[in-house]
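> model the following, please.
(2 chains)
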Amino acid sequence: MSTRKKVMWWVGGAIIVLYALFPIAWIISISLKAPSDIANGQFAPTNVSWDNYSTILTGNASELFLPALRNSFGICLIATAISCLLAMFAAYAIARLDFPGKRLILSTALAVAIFPVISIVTPLFNVWRQIGLYDTWPGLILPYLSLTLPISIWTMSAFFREIPWEMEQAAQVDGATTWQAFRRVIVPLAAPGVFTTAIIAFFIAWNDFVYGIVLTSTEAARPVPAALGLFSGASQFEDPTGAIAAAAVIVTIPVVVLVLLFQRRIVAGLTNGAVKG
Amino acid sequence: MSTTTLPPGEKTQPKSAPKKKAGISDRSRSERKLGWMLAGPAFFVMLAVTAYPILQAVYESLFSYRLTDPANREFIGLTNYWVILSDGLWWQAIWVTVLITVVTVAVELVLGFGLAMVMAKALSSIRPVVRAAILIPYAVITVVSAFAWQFAFDINTGFVNSWFTWIPGVSADTDWFGDWGTSILVICLAEIWKTTPFISLLLLAGLAQVPEVLQEAAQVDGATWWQRLWRVTIPNMKAAIMVALLFRTLDAFRVFDSIFIMTGGANGTESVSFLAYRQTIARLEIGLGSAVSVLLFIAVVLIAFSFIKAFKVDLSSARGE
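Numbering: from 1, shown residues only, chains lettered A, B, ... in the order given. The predicted structure follows:
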C-alpha cells in the first residue's frame, strides 16, 4: 500500500476516533471547570478544579447522587442476573431441543424488544402505586426484564447454537456421567456467551431513563439517569451544570471501561444476536 | 445452521416418520416437555411484563380518569381517542417524531455504512482502535449524551457559539434551544451520535457476509468501485441493512430521553412518547395518557408490520431456522 493511502487511512481513523470521543471530552472538560469558568465559551477549563466532583461525592449533592448510584448498580445487576438465568434455560432449549413453539418464543422476544417503553410504563405507574411497588427496587427490576430479557434470549441462543453439542455425548461415551459431561464440556463452552450477554443486558438496563423517572419518586429506588435528569441544583441560585457533568463522567467511566475490556465479545454478541441471531 | 446443533440421535430419525399419526414417540414427547419447562419461564415473564401492562392501558384508556379526582372515574368508551386524534398537539407530536425518525435513521444509515466500510477495509493497525472508539457512544447512557450535546450548544455553557461563528446565522448569542428548528437539529445530532455505532456494527457484520469471490469477479469484469458497491455489495447485504433499518426506526420512533433533557418538550419539540409521559405523569390524566400509549403502541406495531411485509424480512428464516 502506498504511503499516501496509509496516511489517508490514518486521517480517516483519527476523524472517527475524534467523532466518537468529542462529546465525552466536552463533558469531562465541563466537569473540571470551576463555576466562574463554566460560561467562558471555551472548550477547555482555564484551570482544573475538582469542586464539581466533591459536590456530588461528599458535598450537598451527594445525598442525591450516591443513593442513585447504589440503586442503579443494585437494580441493574439483579435484573441482569434474573434475565441471564431465564434466558440461559430458554436458549439451551432453543439451541438443543426440538419442540414446537421455538419460533413463537423468539418472535415474542422480538416483539417485546420493539415495544415502546412508554406504553408499558403508563399503566404500571398506576398499578404499582396500588400494590405498593411504586418507588421500590422490585418495582424497577420487574419492568427492566422487558428490556433485558429479549436481547438476552436472542444473543444467548445465537451463541448456544454454535456450541458443538455432540461433544457432550462423546464425553458420555468416554465414561463421564451426564452431569460431568455437562459441567466439564458444555459449561466452559457456554460461559463466554453468557458473560457477553450479561454485559449487553447490563448496558441496556443502565441506560434506562423512562422507567426510572416514572416509577420512582425518592432516593429509595431512583436510578442514576433519572436522578441526573431531574437534578436541579442544590439551591435555586446554583446552576447545576458542573455537578451534572461530574456525575455524568462518573456513570460513564465504568461502562466505557467494560466496553474497552470486552470490545471483541460485545461486537460479536451484538451482531450475532441481531444479524445471525 | 440448526442441523449441526441437533444431537446425533435426532439426525438419524427420518423426517416423515409415520408415527406422527399414531402419536409422538416418548422421546420427542419428553423433549417437548423439557423444552417448554426450560423456555416457559422466560416466555411467561416476557408476556407478564409487556402484554399485561398494554392490556391494562387499553382498559384504562376507556375511562375518564384523573388521579387527582379518582372518585369521578367514569367509563367513556373511545372518547379519549377522539379527543386526542382531534387535537393539534397529537399531530404536532407525530410530526416531530416522524421527522426525527426519518432524519436520524437516514443519516445514520449513510454514516454507519461509511464507518462499517472503514472498519472492514482499514489497515489492521488502526482497525482495533476505530472499533473500540466506535463502541464508546454505544456505552454512554442516552441521558449523558443528551447533556453533553445540550451543554455544548447552550447559550451560557457552550463552546459551539464561539467556535462556529464563521457559519452564517451562528453568532455568540445564538439560542439553539429557543427555536423549534434548531432544537430539533441538536436533538437529531445527539441521537445520531449515540446510535450510529450500533447500526454500523450491524452493517459491518453484513459486509462480512458478502462473498469475496463476487467482488473479485466484478473487479475482473472492469466494474468501478461505485458499480461494485451498488451491484454487488449492497444487494448481498440486504438482509443486514433491513434488520438495522427496522431496529433503528422502531427505536428512533420511541425517542424520549434526549427531548426530556434538552428541551423538556418546549417549542413544540414534544414527541409521542413525551406526550404520553406528560399526560400521565405530569398531568395525572391516566385515561388520556393511556390512550396516547395505546396509540403509540399501535403505531410501532404498524411500522414493524409494514417493514416486514414491504421488505419481506423474515427474521427467523434469515437465521437458518
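> going by C-alpha atoms from here, please, whenever you check contacts or count neighbours.
Noted.
> residue nearest the centroid of chain B?
B:Asp251 (2.1 Å; Cα atoms, centre = their mean).
> which strand or helix spans that residue?
helix B:238-253 (DSSP states H and E).
> contact residues of the stretch 151-277 of chain A facing chain B?
A:161-166, A:203, A:206-210, A:214, A:225, A:228-229, A:241, A:245, A:248, A:252, A:255-256, A:259-260, A:263, A:267, A:270-271, A:274-277 (Cα under 8 Å from any Cα of the partner chain).
> any of those buried? List them.
Buried by 16 or more other Cα atoms under 10 Å in any protein chain shown: A:161, A:163-165, A:203, A:206-210, A:214, A:225, A:228-229, A:241, A:245, A:248, A:252, A:255-256, A:259-260, A:263, A:267, A:270-271, A:274-277, out of these.
> B:Met119 is in contact with B:Arg127, correct?
Yes - here B:Arg127 reaches B:Met119: they are 5.8 Å apart, a contact under Cα atoms under 8 Å.
> between the two, which one's more packed in?
B:Met119 (22 against 17; other Cα atoms under 10 Å in any protein chain shown).
> between the host helix or strand of that one and helix B:238-253, how many degrees?
Taking DSSP H and E as the criterion, B:Met119 maps to helix B:88-121. Interaxial angle of helix B:88-121 relative to helix B:238-253 (axes from the mean of the first three to the mean of the last three Cα atoms, to 10 degrees): 140 degrees.
> what's helix B:88-121 packed up against?
helix A:3-31, helix B:127-139, helix B:180-208, helix B:238-253, helix B:272-277 (3 or more Cα pairs under 8 Å, 6 or more residues apart in numbering or on different chains; DSSP states H and E).
> go through those helices and name the closest to A:Gly175.
helix B:180-208 (40.5 Å; Cα to Cα).
> report whether that closest one contacts chain A.
Yes - Helix B:180-208 lies within reach of chain A by Cα under 8 Å from any Cα, at B:Trp193, B:Leu201, B:Leu202, B:Ala205, B:Gly206.
> centre of the chain to the host helix or strand of B:Pro235, how far?
Element membership for B:Pro235 (DSSP H and E) is helix B:234-236. With Cα atoms, centre = their mean, to the nearest Å as the basis, helix B:234-236 stands 22 Å off its chain's centre.
> pull out the buried positions in it.
Those would be B:Ile234, B:Asn236, for helix B:234-236 by 16+ other Cα under 10 Å.
> do that helix and chain A meet at all?
No - figure legend: helix B:234-236 not in contact with chain A (Cα under 8 Å from any Cα); closest approach 13.4 Å.
> quick check: pLDDT value at B:Ile76.
Looking at B:Ile76, its pLDDT stands at 82.
> my read: it touches B:Leu62, true?
Yes - here B:Ile76 reaches B:Leu62: they are 5.8 Å apart, a contact under Cα under 8 Å.
> most proximal residue of chain A with respect to chain B?
Among the residues of chain A, A:Ala90 lies nearest to chain B; the distance is 3.8 Å by Cα to the nearest Cα.
> excluding chain neighbours, give the residue nearest to that residue in space.
B:Ala39 (3.8 Å; Cα to Cα, 6 or more residues apart in numbering or on different chains).
> identify the residues contacting the residue nearest to the centre of chain B.
A:Ile114 (Cα atoms under 8 Å, 6 or more residues apart in numbering or on different chains).
> kindly recompute the last result at 10 Å.
A:Ala113, A:Ile114, A:Phe115, A:Pro116, B:Thr101, B:Val105, B:Thr195, B:Leu245, B:Val300 (Cα atoms under 10 Å, 6 or more residues apart in numbering or on different chains).
> with B:Leu109 instead?
So B:Leu109 contacts B:Leu115, B:Ile192, B:Thr196, B:Ile199, B:Ser200, B:Leu203, B:Ile241, B:Ala244, B:Leu245, B:Arg248 (Cα under 10 Å, 6+ apart).
> so, low pLDDT: which residues of chain A?
Along chain A, the parts satisfying pLDDT under 70 run over A:1, A:232-239, A:273-277.
> biggest helix in it by residues?
helix A:62-96 (DSSP state H).
> run the chain-centre distance for that helix.
For helix A:62-96, the distance to the chain centre is 9 Å (Cα atoms, centre = their mean).
> I'd say B:Val170 and B:Asn161 touch.
Yes - the pair B:Val170 and B:Asn161 qualifies as a contact (Cα atoms under 10 Å) at a distance of 6.6 Å.
> before we move on, the earlier item: of B:Ile76 and B:Leu62, who's got more company?
Shown here are B:Ile76 and B:Leu62; by other Cα under 10 Å, B:Leu62 has more neighbours (20 against 13).
> re the thing from before, the longest helix of chain A packs against which elements?
helix A:51-57, helix A:102-113, helix A:137-161, helix A:187-207, helix A:224-230, helix A:241-261, helix B:26-60 (3 or more Cα pairs under 10 Å, 6 or more residues apart in numbering or on different chains; DSSP states H and E).
> name the residues of it that come out as buried.
For helix A:62-96, by 16+ other Cα under 10 Å, it's A:62, A:64-96.
> looking at chain B, what residue ends up closest to chain A?
B:Ala39 (3.8 Å).
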